[in-house]
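Undergrad: Return a 3D structure for these sequence lines:
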Amino acid sequence: MSSRIPELANVYVVSTVDARKMFWLDSNHLRRLTPEVQGQSAFGVGRGTTYYKVSDLERLAISVHGKDNFEAKVQKRQRRKERAKEMKEAVDRAAEKAREDLLAKRKLAIREKENELSKARRVRGGETARTALGASASANVSSANTMTSSSSSSAAHPLSSGSSSSSSASLAAAKVAAQQEAAGYELKPKLRADLVKALRSQLRRMIRNGLSLSPSSIPQAILVEATCVLPEVFASLLGRPEDPTLRTFSQIGQTISLEATCETVLGCSGNDVRRSAGGSWLVIDTTEGGIMLEYLPSKFLLRIKTHTGHGDIDERYLTTPIGRWK
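TA: Numbers count the residues shown, from 1 in each chain. Here you go, the predicted structure:
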């Protein structure tokens with residue numbers, strides 16, 4: 001038998017809770033019916049669920065509310081559900097459209113920013129080229145003047161000779177300066193100092209978390225990696241802020257490898273980066289030197305290698321108090 005309620009078209013029995021809700025009945029009404037499945041009580045479990053036949057509930061609801069009133073209630077509830085469904089779909093469509101608009105705005109903002117940066121680079125490149133051309137022109141004029149004066153001097157003194165090596169050196173220096181100026185964006189000193197401070201804090205935290213001993217109490221090696229480290233930040237980290245292009249660093253292949261002290265890299269001594277373990281302090285082992293650094297400029301990747309060391313440290317004799325980093 002097909003029910004007048006669409007949700008119960010293919011349902012044979014429903015529970016007491018659903019019977020009250022779907023057919024607008026109460027406990028006094030349900031006592032008129034014989035349950036299809038009577039819930040039985042069991043020790044420690046509670047009373048079982050009672051089920052009623054949908055057809056019996058529908059006949060009872062018609063007798064209680066009247067046929068026209070019952071059908072009106074069913075249709076009204078159906079219309080409410082349809083309106084709620086339409087509203088939910090409209091909200092979902094609006095949310096999806098808002099998300100697409102936000103993504104489009106972000107893409108447009110990113111594209112405009114890239115265009116501005118590209119335009120700034122072209123302008124900077126044009127200014128650099130004009131500067132180089134001006135230097136080249138002045139060098140050529142100087143060279144021509146030198147050659148003219150040299151020719152006249154040679155005519156007056158056959159044993160004398162002129163040279164234009166100084167003008168060639170000036171032109172080469174101007175070209176090198178132009179290439180260096182067009183190398184890219186230069187960080188402001190305040191921003192560069194903030195990035196170095198944040199990088200040191202991150203390195204200290206990662207190394208502190210890596211201080212550990214093997215099961216046989218042997219100090220373990222530590223390897224930490226920091227990504228998105230700009231060349232200017234790396235140079236400032238090692239005390240060379242005047243070398244943002246890393247020309248003064250020795251590079252093998254694509255890697256810059258060197259050894260530096262903890263004070264230079266981390267802004268504190270090796271004893272200040274410590275971790276408690278087994279009643280003693282684990283610190284950075286600096287007995288054989290500093291810590292090893294590897295930097296890949298092409299990937300902006302910085303690797304630090306060091307070892308765990310033992311140390312019974314009295315905080316009164318620390319060179320740098322805890323929480324006061326350089």
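Undergrad: Quick check: phi and psi on Ile304?
TA: Main-chain torsions, Ile304, degrees, to the nearest 10: phi -130, psi 130.
Undergrad: Would you mind measuring from it to Ser214?
TA: Noted for Ile304: a distance of 20 Å to Ser214, by Cβ to Cβ, to the nearest Å. Bear in mind the C-beta positions are built from the backbone N, C-alpha and C, glycine included.
Undergrad: Compare neighbour counts for the two and give me the winner.
TA: Neighbour count, other Cβ atoms under 10 Å: between Ile304 and Ser214, Ile304 has more, with 21 against 9.
Undergrad: Pretty sure the more buried one sits against Val224.
TA: Yes: at 5.1 Å, Ile304 and Val224 qualify as touching, with contact defined as Cβ atoms under 8 Å.
Undergrad: Quick check: neighbours shared by those two?
TA: 203, 207 (Cβ atoms under 8 Å, 6 or more residues apart in numbering).
Undergrad: so where does Ser257 fall, helix or strand?
TA: Take DSSP states H and E as the rule and Ser257 turns out to sit in strand 255-260.
Undergrad: try Arg106
TA: helix 67-156.
Undergrad: Give the rounded mean pLDDT of that helix.
TA: Helix 67-156 carries an average pLDDT of 76.
Undergrad: how about the nearest residue to His310, chain neighbours excluded?
TA: Ser280 (6.3 Å; Cβ to Cβ, 6 or more residues apart in numbering).
Undergrad: What distance do you get for that neighbour to Arg208?
TA: Counting by Cβ to Cβ - Ser280 and Arg208 are separated by 15 Å.
Undergrad: Tell me which of the two has more neighbours.
TA: Arg208 (17 against 13).
Undergrad: give the contact list for the more buried one.
TA: 273-275.
Undergrad: Check for me that Asp272 belongs to a helix.
TA: No: read with DSSP: H, G, I helix; E, B strand; the rest coil, Asp272 is coil and lies in no helix.
Undergrad: Which pLDDT value does the model give it?
TA: Per-residue confidence at Asp272 stands at 83 (pLDDT).
Undergrad: Now it. Its backbone dihedrals?
TA: Per degrees, to the nearest 10, the backbone of Asp272 is at phi -80, psi -20.
Undergrad: That one and Glu96: what is the separation?
TA: For Asp272, the distance to Glu96 - Cβ to Cβ - is 53 Å.
Undergrad: And Ile222, by the same measure?
TA: 48 Å.
Undergrad: same question, Glu82
TA: 21 Å.
Undergrad: how does the chain divide into domains?
TA: 6-87, 126-181, 189-317 (automatic domain parsing).
Undergrad: Buried ones in the helix or strand hosting Leu302, by neighbour count?
TA: Element membership for Leu302, per DSSP H and E: strand 301-311. Judged by neighbour count (16 or more other Cβ atoms under 10 Å), strand 301-311 contains these buried residues: 302, 304, 306, 308-309.
Undergrad: a markdown table for these, including distance to Pro231 and pLDDT?
TA: Putting the buried residues of strand 301-311 into a markdown table (distance: Cβ to Cβ, whole Å; pLDDT from 0 to 100) gives the following:
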| residue | distance to Pro231 | pLDDT |
| --- | --- | --- |
| Leu302 | 10 | 92 |
| Ile304 | 17 | 91 |
| Thr306 | 23 | 88 |
| Thr308 | 30 | 83 |
| Gly309 | 31 | 79 |
